[in-house]
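Participant: Sequence first, then the predicted structure:
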Amino acid sequence: MPSFQTSPGMRDILPPESSRWRAFTQVFADVVEAAGYQQLIPPLLEDLGVFTRIGDATDVVTKEMYDFVDKGDRRVALRPEQTASVCRSFAQHRPVTPWKVFYSGPNFRYERPQRGRYRQFDQVGIEVLGVDDPMLDVEVIALAWEFYEQLGLQQVSLIVNSLGEPDDRSHYVEALRTHFAAAGDALTEQSRITLAKNPLRVLDSKREPDAPFIASAPQITDFYSDEATAHFDAVQAGLRALDIPFTLEPKLVRGLDYYRRTIFEFQGGTLDSAQNALGGGGRYDGLVEALGGPATSGIGFALGVDRTLLACDDEGVFAAEPRDLDAFVVDVVGGIEAAKLTAELRQAGFAADRGYDNRSMKAQMKLANRSNAAVAVIVGEEEVDANTVVVKPMRSGDQQTIPRSELIAYLSGNRNL
RNA sequence: GUGGUCAUAGCUCAAUAGGUAGAGCACCAGGUUGUGAUCCUGGCGGUUGGGGGUUCAAGUCCCCUUGGCCACCCCA
């Protein structure tokens, strides 16, 4: 029995899965960098206040935060998401707008772990600060869409909604409060608690008894101001112009309280469990201000790495593989020759590995085979005496003895072995 | 946090009505004294997640605990 294992909801990403993760973030970076986004690397730890601004009606803040007092008596927390950090960073450094950044890395939420839901989970995402144009909403959504396409996913669906301008939103919230309050005890207890904190979130309930009241609830669309309608119409027109299919879902309300106007979510078609939200985002025009910066409009999205990868598994796409070796050096005369040859090969740009512990040739050949190396470079007594090496292409098995000094040139000239 | 369910070698699983654990894969070593991926032989490997209890006897029953998974919740 091992003395230790990972804490609940924490896990090791082992090879070869780890190389897939790296490829995943690389594809993401390629997509967004091509659109002018640059990477921001915020700290994992922030002042607790940065996150409490996200909203006191969200569990992410009230129940799931990894917060503690550090040795300097500061109230700090492991970030539960990165949007707040980006906004804090903006308020702190005041970069020129539009500020287009992307990020990738782990977040922490103290929840009951499940498949596709971990206490340490990775997200990739982008945020843009300082632009009000609905065409930016379109760009942001389009980039996520493009990313899914690059991965090869075909069963992702996009749902969008608008929460209206802040005033629209508050009027709607009041209407909901009145509507659900009228239901009284017919509403589940959980929903009554949610109602007291944030009526919007009651729409998210999946509890059976709540269903009829949710169905009969007021529609956000009836509360839009002209301004909100214009913005949302423009977003939809833009999505259509780019041939990005979407579904309007007036009852879509996202978890974090800071959203205004456009919000959207991506759902996986294959994992139809409670964990089918692959990613999502929206506008959060008041967040920077709440963090002490100038009134600045913002929009962005975050995509869950784990869930997206699960969706890839289900669709049988994006099975990135680790880099194969070019050569595996088999040395049966002590190991020094292998040390020299691997160093030479690596300096010449070849990926090369070797056997250790002076194992038998048979054992080393097995290692060469397992390593997936293109060729085995074999050195024994005869080769040392003749100053040669044997180059054995593992696929064909058709080996050649060549002068040692010509090894690099030989391999360079026979890349397809 | 609430409820449910599961937990046997590194991995996937077996083990009759409770009688003191097996297989395949993987790994290692041999099968022509220099050469792998097939095949053959052998080997390594488990105080049955951990602790306690019932029993002559528990992987198999009971309790506690740890962890995975599922639903709620929440969200990525």
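Facilitator: Okay, I see it.
Participant: what residues does the stretch 151-300 of chain A put near RNA strand B?
Facilitator: Taking Cβ under 7 Å from any atom of the strand as the measure of proximity, the stretch 151-300 of chain A contacts RNA strand B at A:190, A:194, A:201, A:204-207, A:254-256, A:265, A:273-275, A:277-280. All C-beta atoms are positioned from the backbone trio N, CA, C, and that covers glycine.
Participant: number of nearby residues for A:S225?
Facilitator: By the measure other Cβ atoms under 10 Å, the count of residues near A:S225 is 14.
Participant: The strand or helix carrying A:A376 pairs with which strands, and in what direction?
Facilitator: Here A:A376 sits within strand A:375-379, counting by DSSP states H and E. The pairing partners recorded for strand A:375-379 under DSSP bridges are strand A:327-331 (parallel), strand A:388-393 (antiparallel).
Participant: quick check, the longest one touching RNA strand B?
Facilitator: Yes - using Cβ under 7 Å from any atom of the strand as the criterion, contacts between strand A:388-393 and RNA strand B involve A:390, A:392.
Participant: which of the strands paired with strand A:375-379 sits most buried?
Facilitator: Each of these was scored by mean neighbour count; the highest is strand A:327-331, a mean of 27, by mean count of other Cβ atoms under 10 Å.
Participant: after that strand comes which helix or strand?
Facilitator: Under the assignment DSSP H and E, the closest C-terminal helix or strand after strand A:327-331 is helix A:336-347.
Participant: just how off-centre is that following helix within its chain?
Facilitator: Between the centre of helix A:336-347 and the centre of its host chain there is 38 Å, according to Cα atoms, centre = their mean, to the nearest Å.
Participant: A:I54 versus the residue of the stretch 151-300 of chain A found nearest RNA strand B, what's the distance?
Facilitator: Nearest to RNA strand B in the stretch 151-300 of chain A, going by Cβ to the nearest atom of the strand, is A:G255, at a distance of 2.6 Å. Here A:G255 is placed at a distance of 9 Å from A:I54 (Cβ to Cβ, to the nearest Å).
Participant: So for the two, which residues contact both of them?
Facilitator: Jointly contacting A:G255 and A:I54 under the rule Cβ atoms under 8 Å, 6 or more residues apart in numbering are A:V60.
Participant: In terms of neighbours, single out the busier of these two.
Facilitator: Neighbour tally, A:G255 and A:I54, criterion other Cβ under 10 Å: the higher count belongs to A:I54, 24 against 16.
Participant: Got the phi and psi for that one?
Facilitator: Main-chain dihedrals, A:I54, degrees, to the nearest 10: phi -60, psi -30.
Participant: on that earlier part again, quick check: what element follows the strand holding A:A376 along the chain?
Facilitator: Using DSSP H and E, the helix or strand that directly follows strand A:375-379 along the chain is helix A:381-386.
Participant: Give me the contact list for that following helix.
Facilitator: Helix A:381-386 is contacted by residues A:332-333, A:337, A:388-390, A:401, A:404 when judged by Cβ under 8 Å, 6+ apart.
Participant: Repeat that for stretch A:306-321.
Facilitator: Residues outside stretch A:306-321 that contact it (Cβ under 8 Å, 6+ apart) are A:16, A:19-21, A:23-24, A:115-116, A:118, A:121-122, A:148, A:151-156, A:268-271, A:275-279.
Participant: Is any residue of it near RNA strand B?
Facilitator: Yes - using Cβ under 7 Å from any atom of the strand, stretch A:306-321 comes into contact with RNA strand B via A:306-307.
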